[in-house]
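Peer 1: Requesting a structural model of the entry that follows:
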Amino acid sequence: HHADDHDDDANNGGGVDGIGSRLDEVLSLVMKSDRFVKIGHGVKMDIKECRRSYPNAQCFKPTGGGGVGGSGGSGGSGSVVELTSLWKNNNNGNNKAKDSPSSLSDMTLSILNKPLDKSCAMSDWGRRPLSNAQVHYAALDAFVALKIAEG
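Peer 2: From the prediction side, this is the model:
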């Protein structure tokens with residue numbers, strides 16, 4: 001048993017706002033890198049909510065030049081793609097798509113020809129552990145976001 005073992009336990013569980021300093025370090029590499037594109041419907045608001053929920057975590061803090069949750073860009077600021085903006089740009093000939101932000105469900109129906117089950121959207125996401133339905137819902141949201149981005 002090493003003296004460091006207690007530090008490892010603290011860094012994996014407690015650490016920075018309860019997410020663990022090692023997790024914060026890894027997430028910082030992903031969130032602030034242009035190599036990893038963060039894409040989603042309302043993703044910038046999600047990142048802002050993470051920033052509010054974990055104020056001491058470095059992974060959600062904005063960096064210079066747009067930053068995570070900002071306008072994206074280069075120089076290690078982290079690439080963030082908002083599906084609503086992508087949708088409007090790709091559908092600029094369609095006034096309805098251009099003038100009104102579309103829901104993820106609308107985009108999924110239009111591109112994948114299948115409705116998106118949103119039954120877990122208003123469930124208690126603060127409850128742990130998440131239910132199997134919530135985990136499935138989150139994975140499906142991520143999957144359809146990627147499919148929509150691929151067009």
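
Peer 1: for the protein, what spans make up the helices?
Peer 2: 4-12, 21-31, 43-53, 83-90, 95-99, 104-112, 132-150 (DSSP state H).

Peer 1: how about a markdown table for the ones you listed, with mean pLDDT and distance to residue 122 added?
Peer 2: To be clear about C-beta, it is placed using only N, CA and C from the backbone, and glycine gets the same treatment. What follows is these, written out as a markdown table (pLDDT from 0 to 100; distance: least, CB to CB, whole Å):
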| stretch | mean pLDDT | distance to residue 122 |
| --- | --- | --- |
| helix 4-12 | 41 | 31 |
| helix 21-31 | 92 | 26 |
| helix 43-53 | 91 | 15 |
| helix 83-90 | 84 | 20 |
| helix 95-99 | 49 | 26 |
| helix 104-112 | 88 | 14 |
| helix 132-150 | 92 | 11 |
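
Peer 1: Rebuild the ones you listed as a markdown table, extending it with mean neighbour count and distance to residue 62.
Peer 2: Shown next, in a markdown table, are the helices of the chain (neighbours: other CB atoms under 10 Å; distance: least, CB to CB, whole Å):
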| stretch | mean neighbour count | distance to residue 62 |
| --- | --- | --- |
| helix 4-12 | 12 | 24 |
| helix 21-31 | 16 | 10 |
| helix 43-53 | 16 | 8 |
| helix 83-90 | 17 | 18 |
| helix 95-99 | 11 | 29 |
| helix 104-112 | 18 | 24 |
| helix 132-150 | 15 | 22 |
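
Peer 1: Contact partners for the residue nearest the centre of the chain?
Peer 2: The chain has residue 43 as the residue nearest its centroid, 4.9 Å off, counting by CA atoms, centre = their mean. By CB atoms under 8 Å, 6 or more residues apart in numbering, the residues touching residue 43 are 80, 81, 82, 83.

Peer 1: Distance check, it against residue 113.
Peer 2: Between residue 43 and residue 113 the distance, using CB to CB, to the nearest Å, works out to 24 Å.
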